[in-house]
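K.L.:
got a sequence here, can you model it:
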Amino acid sequence: QLQLVESGGGLVQTGGSLRLSCAASGRFFSSYATAWFRQAPGKEREFVAGINFSGSSTRYVDSVKGRFTIARDNALGMTYLQMNNLRPEDAAVYYCAAVRSPVGVPTEYDYWGQGTQVTVSS
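P.N.:
Next up is the predicted model:
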């Protein structure tokens, strides 16, 4: 069992930056792949970025490549999403997710945080 708590959301102007953090509590965090998803009003939840259990492999949705960076610190049980050059279309509730996975960056996740709001003003 894993509990996830996101933080770091807020209001930022177009072109600005934010860093989201996800704190995991539970055992064997280093056995889990983690990811960030987002959901804007009226839209489906979308995969944004994922990282494998060791941090050696990452995957991003095309729209954030070159602007967002996912990272993790297994010793601290943390996953981060550095978001640069933010655009109005990045505004959404961002969710941290995790799944126990020995390889790669999965597409399905079992554990979810409560979400943190990101608002981008134009």
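K.L.:
counting neighbours, what do you get for residue 36?
P.N.:
Other residues lying near residue 36 total 27 when counted by other Cβ atoms under 10 Å. Backbone N, C-alpha and C define where each C-beta goes, glycine included.
K.L.:
element containing it, please.
P.N.:
Taking DSSP states H and E as the definition, residue 36 sits inside strand 32-39.
K.L.:
packing partners for that strand?
P.N.:
Packing contacts for strand 32-39, counted by 3 or more Cβ pairs under 8 Å, 6 or more residues apart in numbering; DSSP states H and E, involve strand 18-26, strand 46-51, strand 68-73, strand 78-83, strand 92-100.
K.L.:
quick check: can you name the pairing partners of that strand and their directions?
P.N.:
Partner strands and pairing direction for strand 32-39 (DSSP bridges) are strand 46-51 (antiparallel), strand 92-100 (antiparallel).
K.L.:
ok and it relative to strand 78-83, angle-wise?
P.N.:
Angle, strand 32-39 to strand 78-83, by axes from the mean of the first three to the mean of the last three Cα atoms, to 10 degrees: 40 degrees.
K.L.:
for residue 119, see how far away the residue nearest in space to the middle of the chain is.
P.N.:
Residue closest to the average C-alpha location in the chain (Cα atoms, centre = their mean): residue 36, at 2.4 Å. From residue 36 over to residue 119 the distance is 16 Å, taken as Cβ to Cβ, to the nearest Å.
K.L.:
need the contact list for the residue nearest to residue 58 when sequence neighbours are not counted.
P.N.:
Spatial nearest neighbour of residue 58, excluding adjacent residues (Cβ to Cβ, 6 or more residues apart in numbering): residue 51 at 5.0 Å. Residue 51 sits next to 33, 34, 35, 57, 58, 70, 71, 72, 79, 105 when contact means Cβ atoms under 8 Å, 6 or more residues apart in numbering.
K.L.:
I'd say residue 50 and residue 68 touch.
P.N.:
No - here residue 50 lies out of contact with residue 68, judged by Cβ atoms under 8 Å, at a distance of 11.3 Å.
K.L.:
neighbour-wise, which of these two wins?
P.N.:
Neighbours per residue, other Cβ under 10 Å: of residue 50 and residue 68, the larger number sits with residue 50, 25 against 21.
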